[in-house]
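Q: Below: sequence and its predicted model.
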Amino acid sequence: MKGNTARPAVLPVAPTRGRLRPLGLDEVRITGGFWARRRHVNETVTLGHCRDWMARAGWTGNFRAAAEGRVPRDRRGREFADSELYKLLEALAWQAGTGTGAAPALDAESAALTEAVAPAQEPDGYLNTAFGRPGQPPRYSDLAWGHELYCYGHLIQAGVAQARSRGEGELTKIALRAADHVCATFGTGGTEAVCGHPQIETALVELARLTGERRYLDQAALFVARRGHGTLPEGEFGRAYHQDDLPVREAGVLRGHAVRALYLAAGAVDVAVETGDEALLAAVVRQWEATVARRTYLTGGMGAHHRDESFGGDFVLPPDRAYAETCAGVASVMLNWRLLLATGEPRYADLAERTLFNVVATSPAQDGRSFFYANTLHRRERGAVPAEDTVSPRAASGLRAPWFAVSCCPTNVARTLAQLPAYLATADDRGVQLHQYADAEIATSLPGGHGVALRILTDYPWGGDVVVRVDRSPDRPWTLSLRVPDWTAGATAWLTDPAGGRRTVAPGTAEITRVFRPGDRIRLELPVRPRWIRADPRVDAVRGTVAVQRGPLVYCAESVDLPDGHDVDAVRVDPSAAPEDGPAGAGDSAGPGGEPGEGATVVVAGEIAAPGARDEGAWPYRPLDDPAGAPAADRAGIVLVPYHSWANRGPATMRVWLPTMNP
């Protein structure tokens, strides 16, 4: 690779410019708590689970079949199945790059999978098992739906991950050959087209950052510039589905297929940052603002339509039809991280936090062996338990499934959890910034080579105390910045400095500038308590309802916590009474590695209609002043559990937005 003789920083995203410098997996280590447990399950269970299922489904064998001339007869899976192996390879690289003791085993897994992939690459760099061989469609004959460039994107991301975390190896070389093929085929003077599913844009920019080769950045910029000019067929869902209806610079909101839209926006930010294109960056910020204000669920989930996995119109956010695909949550985190690095604005870390805790953490089961594809906010019927040895339809089950015919979400969760420490903190010329809170250790250098080491002590998100202990510091002033989450609005957060000075801090960023000494402690006290949440009245689907949020966690009612014979549609709550903390014991505390504090419940005042109180045959609409329309009900303390934990205790109905009692 051009100009690279030493291993680069272990960074999933490594911009060469921007407001903040990310800290890599070699600088941040999560040591305990909520995310450490999930990362441990990811390393010890989920990565192997994904590997085994891909082998069982035949997706790994597709590469051998392609190399040996046995396709299309022996090829298995959808046209994009190659990408799942690449995402697993990326996850293995980042997980090994965290310095885990399992690194040798992870490296061995990566080498075995790379050995399976390598023979399928053509001499000119082309690599895809679904196209281009006798009996298959020709190369690039279906750019709208074929996902060839999308698959390259995940291959290149995996190659970058290997180079940064383990040093350049065979996987990186495969990715470089594929990227060179893409530039030769789709560069200036080549085929003027785009892929139906954006993804390669972020990958090419990251490869340019890794290698110093400008042509990869130029190719990514070409793909972004070509989008929105009608180069793809209109198709069943219209051009907006592929974001091919408007150029990126002209669009006012994210629209169409949610994952595609978010991946494209992330790629546009990468291009804007590396080229200094402030107008392009401003266009994505404008789209982000409109999307967050009008097209995002309380959980951070994005995508309200099942049929085309797309955003709905403004304020079209039905909880029972929420698609909120797990991959859209991953893509949202990717976009928010890039916008945070580019601008330094804490609002992007706020949305990333909400999405991590309530979408990304919701998808995998506690044991790491089953997943949600879609993340509804209201489940009306108890789902059937999916078979452990059968591929499931991606959104059909009310319970997590072990694998899907379209299994993009398990591998996306795996690679996100593997690289999660890199989302916690950043640095700049002034000091260090903390964006996400977890038990962690941070060691980095400030300008001039001055070393800083910090220890973060917290049981967040269950508790709101975040203590930062300074273990190493230069003998000069520098600034420690801590994000004060947007969910603290209307409550009081406190910051205590090493001298004991205590002051209130508002949502945004709290800073302390001083000469820190080893042993100094800074305490951020966040008001983690349950609070009622209401929606904008323009969200028609949830009028007359309220939800509960405790810190960054959204809560829900689950039928397993109601008296026998009752269901969540019988629940009415009384928002005039403040919600209160309940006992631990539900949700995560039942899972592997659970400990006190995990799965903290909330109790709200309300009533539960008696079973059969409603006349099921009656007309469902009555005058407001008709007493016959009020079902018999019992006052009750209703237990709510963290939304991310629902459906871990068997089939259940569930709802986040709860109807209020009649006055």
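A: Nice, thanks for sending it over.
Q: hey, let's count contacts and neighbours off CA atoms from now on
A: Will do.
Q: centroid residue for this protein?
A: Per C-alpha atoms, centre = their mean, the C-alpha nearest to the average position across the chain is that of Val330, at 2.4 Å.
Q: surely it meets Asn412?
A: Yes. In this structure, Val330 is within contact of Asn412 by C-alpha atoms under 8 Å, at 6.9 Å.
Q: Can you give me the pLDDT of the residue nearest to the centre of the chain?
A: Val330 carries a pLDDT value of 98.
Q: and if you look at Ala628?
A: Taking Ala628 on its own, its pLDDT is 60.
Q: Next secondary structure after the helix or strand bottoming out on mean pLDDT in the chain?
A: None of the helices or strands of the chain scores lower by mean pLDDT, DSSP states H and E than strand 633-642, at a mean of 90. Sequence order places strand 654-655 as the next helix or strand after strand 633-642, per DSSP states H and E.
Q: what's next to that following strand, contact-wise?
A: 377-380, 556-559, 568, 646 (C-alpha atoms under 8 Å, 6 or more residues apart in numbering).
Q: neighbours around Arg19, how many?
A: Arg19 is flanked by 18 other residues according to other C-alpha atoms under 10 Å.
Q: Can you verify Ala161 is assigned to a helix?
A: Yes. Using DSSP: H, G, I helix; E, B strand; the rest coil, the assignment for Ala161 is a helix.
Q: follow-up on the earlier one: just the buried ones out of the contacts of strand 654-655, please.
A: With neighbours counted by 16 or more other C-alpha atoms under 10 Å, the contacts of strand 654-655 contain buried members at 377-379, 556-559, 568, 646.
Q: Tell me which two of those residues sit farthest apart.
A: Farthest pair in those (C-alpha to C-alpha) is Leu377 and Ser559. Separation: 13.7 Å.
Q: Can you give me the neighbour number for Ala112?
A: Using other C-alpha under 10 Å, Ala112 is surrounded by 11 other residues.
Q: Which of the three states applies to it?
A: Ala112 ends up helix, using three-state DSSP.
Q: if I look at it, how far off is Ala36?
A: Using C-alpha to C-alpha, to the nearest Å, one obtains 27 Å as the distance from Ala112 to Ala36.
Q: now swap in His435 and tell me
A: Distance of His435 to Ala36, computed by C-alpha to C-alpha: 17 Å.
Q: quick one, which of those two is more surrounded?
A: Shown here are His435 and Ala36; by other C-alpha under 10 Å, His435 has more neighbours (23 against 19).
Q: one step back: possible to save the buried ones among the contacts of strand 654-655 as a markdown table with pLDDT and distance to Leu11?
A: A markdown table is the format used below for the buried ones among the contacts of strand 654-655 (pLDDT from 0 to 100; distance: C-alpha to C-alpha, whole Å):
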| residue | pLDDT | distance to Leu11 |
| --- | --- | --- |
| Leu377 | 97 | 34 |
| His378 | 96 | 37 |
| Arg379 | 94 | 38 |
| Cys556 | 97 | 35 |
| Ala557 | 97 | 39 |
| Glu558 | 96 | 39 |
| Ser559 | 95 | 42 |
| Val568 | 94 | 44 |
| Trp646 | 95 | 33 |
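Q: which of these lies closest to Val248?
A: The closest of those, once distances to Val248 are taken by C-alpha to C-alpha, is Leu377, at 30.5 Å.
Q: Once you drop chain neighbours, what's closest to that closest one?
A: Sequence neighbours aside, Pro319 is the residue nearest to Leu377 in space, at 4.7 Å (criterion: C-alpha to C-alpha, 6 or more residues apart in numbering).
Q: What's the local residue count around Arg517?
A: Neighbour number of Arg517 under other C-alpha under 10 Å is 16.
Q: before we move on, what about the one 3 residues further on?
A: Asp520 has 17 neighbouring residues, counting by other C-alpha under 10 Å.
Q: For it, what are phi and psi?
A: phi -60, psi 150 (degrees, to the nearest 10).
Q: next one: Thr479
A: The phi/psi pair for Thr479 (degrees, to the nearest 10) is phi -110, psi 130.
Q: residue contacts, the closest residue to it other than its chain neighbours?
A: Nearest non-adjacent residue to Thr479, counting by C-alpha to C-alpha, 6+ apart: Thr513, 4.2 Å away. Contacts for Thr513 were tallied using C-alpha under 8 Å, 6+ apart; they are 477-480.
Q: low pLDDT regions in the stretch 1-150 of the chain?
A: Flagging of the stretch 1-150 of the chain using pLDDT under 70 yields the residue ranges 1-8.
Q: I misspoke; the intended subject was the chain.
A: Scanning the chain with the threshold set as pLDDT under 70 gives 1-8, 394-397, 585-599, 611-617, 624, 626-631, 662-663.
Q: Quick check: Tyr555 vs Pro527, distance?
A: 16 Å.
Q: So between the two, which is more surrounded?
A: Remark: of Tyr555 and Pro527, Tyr555 carries more neighbours, 26 against 19, as counted by other C-alpha under 10 Å.
Q: thought the more buried one was touching Trp532?
A: No. Judged on C-alpha under 8 Å, Tyr555 makes no contact with Trp532 at a distance of 10.2 Å.
Q: Now do the shared contacts for these two.
A: Counting by C-alpha under 8 Å, 6+ apart, the residues touching both Tyr555 and Trp532 are 547-549.
Q: Between the residues you listed, which sits nearest Ala221?
A: Distances from Ala221 to the shared contacts of Tyr555 and Trp532, taken as C-alpha to C-alpha, are shortest for Gln549 (40.3 Å).
Q: Glu607 in helix, strand or coil?
A: Classification of Glu607 by three-state DSSP places it in strand.
Q: Apart from its neighbours in sequence, what residue is nearest it?
A: Arg635 (4.2 Å).
Q: same question, Glu148
A: Ranked by C-alpha to C-alpha, 6+ apart and with sequence neighbours excluded, the top spatial neighbour of Glu148 is Asn128, at 6.6 Å.
Q: Surely that neighbour and Asp82 touch.
A: Yes. Asn128 is within contact range of Asp82, at 7.2 Å (criterion: C-alpha under 8 Å).
Q: Give me the common contacts of the two.
A: With C-alpha under 8 Å, 6+ apart as the test, Asn128 and Asp82 both reach Cys151.
Q: For whichever strand or helix holds Arg39, name the packing helices and strands.
A: Arg39 is part of helix 34-41 when elements are defined by DSSP H and E. Counting contacts by 3 or more C-alpha pairs under 8 Å, 6 or more residues apart in numbering; DSSP states H and E, helix 34-41 is packed against helix 408-419.
Q: Quickly run through the sheet partners of the helix or strand following the helix it packs on, with directions.
A: On the C-terminal side of helix 408-419, the closest following helix or strand by DSSP H and E is strand 425-427. Using DSSP bridges, the strands paired with strand 425-427 are strand 21-22 (antiparallel), strand 431-434 (antiparallel).
Q: any idea how far Pro72 is from Asp350?
A: In terms of C-alpha to C-alpha, Pro72 sits 46 Å off from Asp350.
Q: Which of those two has more residues huddled nearby?
A: Applying other C-alpha under 10 Å to Pro72 and Asp350 shows that Asp350 carries more neighbours, namely 24 against 18.
Q: so which helix or strand takes in the more buried one?
A: Using DSSP H and E, Asp350 sits within helix 346-355.
Q: Parallel or antiparallel, which strands does the helix or strand just after that helix pair with?
A: Following helix 346-355 in sequence order, the next helix or strand is strand 378-379 (DSSP H and E). Strand 378-379 has the following strand partners under DSSP bridges: strand 654-655 (antiparallel).
Q: Which residues belonging to stretch 402-413 are considered buried?
A: So stretch 402-413, judged by 16+ other C-alpha under 10 Å, has buried residues 402-404, 406-413.
Q: nearest to Leu207, of those residues?
A: Asn412 (19.5 Å).
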